[in-house]
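Enquirer: sequence isn't available, so here's the structure alone:
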């Protein structure tokens, strides 16, 4: 079933209570991760990636984004979109790159031409859920969010409009 949802650009950014609620949710998930990690071992770089995506999700929510999809995939093509969110009237397709330290090569450099092509194709597939007339009027933006988990606290480098169609 298709539900039409329109973003109201007059929606206020999150207030203090909403930010506290977002912080509480993030804290709760970190606590659950500690319990889970003691029971099951996973590949460290995959754990870092998942934690970075989660930190990015909560940071975007704090900034007033309305996240509508996380790790979105299509059955017809390879790959996934880490986060899909509305910022004002823009539909943002966000690629999150997480690193455990800052090095000479920034995290966002991992989004090469092959990754951008795949990302654009996935965005086209996602947009097909909207009626054709509406699809043509939705402003789309491709963003890259680099997350550096340094000393247990995430640092963010956000590149809005990192590449186009």
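Expert: Thanks, I have the structure now. Keep in mind the model is a prediction, meaning the values are calculated, not measured.

Enquirer: the residue sitting nearest the centre point of the chain: what's it in contact with?
Expert: For the chain, residue 83 is the residue whose C-alpha lies nearest the centre (Cα atoms, centre = their mean; 2.9 Å). The neighbours of residue 83, taking Cβ atoms under 8 Å, 6 or more residues apart in numbering as the test, are 53, 56, 57, 60, 67, 69, 70, 92, 93, 94, 96, 145. C-beta coordinates here come from the backbone N, C-alpha and C atoms, glycine included.

Enquirer: and residue 23, by the same measure?
Expert: Applying Cβ under 8 Å, 6+ apart, the residues contacting residue 23 are residue 58.

Enquirer: how far away is it from residue 94?
Expert: 20 Å (Cβ to Cβ, to the nearest Å).

Enquirer: could you do residue 22 as well?
Expert: Distance from residue 22 to residue 94, by Cβ to Cβ: 17 Å.

Enquirer: more neighbours, those two?
Expert: residue 94 (27 against 17; other Cβ atoms under 10 Å).

Enquirer: wait, is that one part of a strand?
Expert: Yes - assigned with DSSP: H, G, I helix; E, B strand; the rest coil, residue 94 falls within a strand.

Enquirer: how far does stretch 61-76 stretch from one end to the other?
Expert: 29 Å (Cα to Cα, to the nearest Å).

Enquirer: ok, and for it, which residues are buried?
Expert: 61, 65, 66, 67, 70, 72 (16 or more other Cβ atoms under 10 Å).

Enquirer: how about stretch 78-94?
Expert: Buried, per 16+ other Cβ under 10 Å, within stretch 78-94: 81, 82, 83, 84, 85, 86, 87, 90, 91, 92, 93, 94.

Enquirer: so what does the third one have for phi and psi?
Expert: In other words, residue 83. Note on residue 83: backbone dihedrals following degrees, to the nearest 10 are phi -140, psi 140.

Enquirer: from residue 142, how far out is residue 159?
Expert: 9 Å.
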